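**Student:** no sequence on this one, just coordinates:
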């Protein structure tokens, strides 16, 4: 089943005519993902070509959705225009908008989140690597790849991965794959302080997904989202969960690359979050090299097979 | 981005937030003019650095107090001469302190009572929150911890904006009435406009004061801005003070590298913020101490890798380097070529451990091996971290 996206999901790319969006649209096509439309205002009628693929470009998300049946958008629009691009997805009634763009002003996201509240469109990101639901082919080919993650490191299987960080997610996925453990869906929720989908939102979906047997949750310093998710897991989730928090050595008050990664009060330090993980029965990865092994320990303790 | 108190108060005045009269000076010659604009009588002299705890700070020549009360303007001038060009060490500056390059003179206000007021993002609610307390002039973290009932919060609906009933609630929570209440309400509205319209990350007034005359004034001002929004605020960018920033961090930002200096001796070069943070963590886990946070980004070029190496070796504390790259999309061989080039260009003699994984990794490792350079290869993050910690532990001292 996977969550949010399946290999059948039809996606459109906003900003497909830009360098960044175009490059990753090609990689998604190579992975076997159904990239069915591009959107760039003013370039409607053009065609995005890549090998045998001919992807029509539309002036608006609404036109693209009607013409191609796309239900999900990958947003590669530059920061000053990204809020508008996200709202356009909501206006067109898409199921999911995935904002890859890094550097969107917080005020824009505060307004976007308020405007989308209660609507049918879910936002993942911004400043995120996107989502991957691996396929059944060689190196997980035939899956759905939305965003910038390397598709080939995945393997189809039963572990859900949710993370704020890009490369740290790849690290976790790679550790799982080399141990022969596949993934149901991997979700990068992004490193910004205001984002559309939280750790907890994704954990609930993994908990409800019969195909997902175990979960890796990767967080970092700043905010209380990981602790909120951990408490929910303690009360509602029977599946084995491994957790890792990055930033135990980060100095207070400094932005560590991600806009959201700032230690403010005592509650958002790595140590505080790790303590909550332990209290809530989450197997803590002691180093970033230990993420897959931590999940294996958690699964063994619960008698769950991840294979 | 942070700004100085005097700059923040200029902004406050533009938005109608009342502050005590003041003037800044960057040279002793400017003291005269700055003081001439202020009335005779008690005057405050305030060192302008981007760090808190100034009042209790000590200068490196032993002079005490980065914020001083003076009975007369003549005395203020003498005090300012002691501060300007002197280096102030506070709890927040670290032991090396910050050089005071600007002093700020203000009228010493009569204080009836001190309060606390701040506006920042409530991450859980994804909306701005106004925080107010009757306990001003002290550490707000301490108040929040010991007497949380004295902290009052109002979350603002970004679509509607700050509502009148919320302002009334804040003023009531501060226990203000009459003219004070009216003045405080006006100040809170003006401060919120400033926060919202300038894309501030945080605005903090500690203390906010009332005076015997019924005025409500922002006695101090601490303001930072959302870096992501600076593109639409050239007037804010103009306030940036490069003297307050680490030269290595400025150099890094020119190459689109995210670099933060720390006080350890193992430098790291990593792609991705989360991986960079956890690389620091794993160094610490195995008994080492990271010298920096350095994220070369998801699509690093050869030129960026070379620039990153130059910045790293410019830190005299560095005794070894740990390169940790997970090349998901980026080609590991491009990175490897950049590493080899950088090592040759800077004439690196420090221990170097490289962990490469991902796209085209075999070619990348071959490039490193064929270079003839002494580069230790790490198999996993844990393996590489242990190797660099061991190598740095063995290094007797940094070669000249």
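**Tutor:** That came in fine, so what should we check first? None of the values given here were measured: they were computed from a predicted structure.
**Student:** just so I have it, where are all the helices in the stretch 201-350 of chain B?
**Tutor:** For the stretch 201-350 of chain B, the helices defined by DSSP state H, counting those that start in this stretch cover B:234-237, B:247-254, B:273-285, B:302-313, B:332-346.
**Student:** Pretty sure residue A:235 sits in a helix.
**Tutor:** Yes. Residue A:235: assigned to a helix according to DSSP: H, G, I helix; E, B strand; the rest coil.
**Student:** residues touching the single nearest residue of the stretch 251-400 of chain B relative to chain A, list them.
**Tutor:** Proximity of the stretch 251-400 of chain B to chain A (Cβ to the nearest Cβ) peaks at residue B:274, 2.2 Å away. For every residue, glycine as well, the C-beta is placed using N, CA and C. Counting by Cβ atoms under 8 Å, 6 or more residues apart in numbering or on different chains, residue B:274 touches A:163-169, A:191, A:218, A:220, A:246, A:257-258.
**Student:** one more time with 6 Å, if that's ok
**Tutor:** A:165, A:168, A:220, A:246 (Cβ atoms under 6 Å, 6 or more residues apart in numbering or on different chains).
**Student:** Read off the pLDDT value for it.
**Tutor:** Reported pLDDT at residue B:274 in the predicted model: 90.
**Student:** what do you get for residue B:396?
**Tutor:** 54.
**Student:** Low-confidence ranges, chain B, go.
**Tutor:** B:395-400 (pLDDT under 70).
**Student:** ok and the residue in chain A nearest chain B?
**Tutor:** residue A:165 (2.2 Å).
**Student:** How about the backbone phi and psi for that residue?
**Tutor:** phi -110, psi 150 (degrees, to the nearest 10).
**Student:** Can you tell me the closest non-neighbouring residue to it?
**Tutor:** Residue nearest to residue A:165 in three dimensions, not counting chain neighbours: residue B:274, with 2.2 Å by Cβ to Cβ, 6 or more residues apart in numbering or on different chains.
**Student:** residues in the stretch 101-250 of chain A within reach of chain B, list them.
**Tutor:** A:103, A:105-107, A:110-111, A:113-114, A:150, A:165-168, A:170-171, A:193-194, A:220, A:223, A:246-249 (Cβ under 6 Å from any Cβ of the partner chain).
**Student:** For residue 79, give me its contacts.
**Tutor:** Assuming you mean chain A. Neighbour list for residue A:79: A:101, A:103, A:104 [criterion: Cβ under 6 Å, 6+ apart].
**Student:** You answered for a different chain; I wanted chain B.
**Tutor:** B:45, B:68, B:70.
**Student:** Next, the second one: phi, psi?
**Tutor:** Going back to what we said before, that points to residue B:68. phi -130, psi 140.
**Student:** For it, give me its contacts.
**Tutor:** B:45, B:79.
**Student:** any idea how far it is from residue B:80?
**Tutor:** Note on residue B:68: its distance to residue B:80, by Cβ to Cβ, to the nearest Å, is 9 Å.
**Student:** go on, the first one?
**Tutor:** When Cβ to Cβ is applied, the distance between residue B:45 and residue B:80 equals 5 Å.
**Student:** Could you do residue B:172 as well?
**Tutor:** On the measure of Cβ to Cβ, residue B:172 and residue B:80 end up 40 Å apart.
**Student:** Give me the more crowded residue out of the two.
**Tutor:** A count of neighbours by other Cβ atoms under 10 Å in any protein chain shown puts residue B:80 above the other of residue B:172 and residue B:80, at 25 against 12.
**Student:** rewinding a little: return every residue with contacts to both of residue B:45 and residue B:80.
**Tutor:** Common contacts of residue B:45 and residue B:80 (Cβ under 6 Å, 6+ apart): residue B:103.
**Student:** Contacts made by the longest helix seen in chain B with the rest, please.
**Tutor:** Assignment by DSSP state H gives helix B:178-197 as the longest helix of chain B. With contacts defined as Cβ under 6 Å, 6+ apart, helix B:178-197 is touched by B:15-17, B:119, B:162, B:167, B:170-171, B:176, B:203, B:210, B:214, B:216.
**Student:** same thing but 7 Å
**Tutor:** Residues outside helix B:178-197 that contact it (Cβ atoms under 7 Å, 6 or more residues apart in numbering or on different chains): B:11-12, B:15-18, B:117, B:119, B:128, B:130, B:162, B:167, B:170-171, B:174, B:176, B:200, B:203, B:210, B:214-216.
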